[in-house]
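Novice: Dropping a prediction and its sequence here:
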Amino acid sequence: MRDESRATYFAESANIGQSGAKKIVQAFLAADLFVFASNIEYSPLVLFEAAAAGTPFITVPVGNSAEIVQWTGGGVLCPAPVDATGFTRVDPAALARSIEAVMRDAPLRRRLGEAGRRSFREKFCWRLIAKSYEEILKGARTGPEANSRISSAQ
């Protein structure tokens, strides 16, 4: 994906305008590693954004970040416990060790970045998502239930 396409994607998804999106894309492209250490989150889209940019990432197990690591292949999960209230409690020393390990391994960062970018292009771009929804909706309209309603109406 060209930088301009990525900028458009970020601008549309984050509603931040083209100039802001270009700055964000440039930051991702310039980064060696993106670190996400939130205490609470539902579905961190920023991990998909890092993957789209080909920037490897480290995340803690917050929201569905563990699944995003699996789905994209673009990141590393740093272990962190979740307390009784649902907050992830990041251990700064463990996070620092994860960051250090990934930063010392340039081939790993390259593999993660390439995997993230490839999976984004192949699975998560809006064109493919829209096509999947279209197929689902077509199936709902033409599925067995629709056919039986059509037959009984005749």
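Specialist: Thanks, I have it.
Novice: Next one: Thr59 from Ile99, what distance?
Specialist: Taking CB to CB, to the nearest Å as the measure, Thr59 falls 11 Å from Ile99. All C-beta spots, glycine's among them, are computed from the backbone N, C-alpha and C.
Novice: So between those two, which is more surrounded?
Specialist: Counted by other CB atoms under 10 Å, Thr59 and Ile99 do not tie: Thr59 has more neighbours, with 28 against 16.
Novice: Could you give the bridge partners of the more buried one?
Specialist: Phe36, Leu77 (DSSP bridges).
Novice: For Tyr133, see how far away it is.
Specialist: Thr59 sits 27 Å away from Tyr133, taking CB to CB as the criterion.
Novice: do the same with Ala66
Specialist: Using CB to CB, we find Ala66 at a distance of 25 Å from Tyr133.
Novice: In terms of neighbours, single out the busier of those two.
Specialist: Using other CB under 10 Å as the criterion, Ala66 and Tyr133 rank with Ala66 on top: 14 against 10.
Novice: my guess is the more buried one contacts Gly75, does it?
Specialist: No - at 9.7 Å, Ala66 does not count as touching Gly75 under the criterion of CB atoms under 8 Å.
Novice: most centrally placed residue in the protein?
Specialist: The residue lying closest to the centre of the chain (CA atoms, centre = their mean) is Phe48, at 1.9 Å.
Novice: Which residue, other than its chain neighbours, is closest to that residue?
Specialist: Counting by CB to CB, 6 or more residues apart in numbering, Phe48 lies nearest to Phe124, which is 6.0 Å off, once chain neighbours are set aside.
Novice: How about the contacts made by the one you found?
Specialist: Phe124 makes contact with 48, 51-52, 71-72 under the criterion CB atoms under 8 Å, 6 or more residues apart in numbering.
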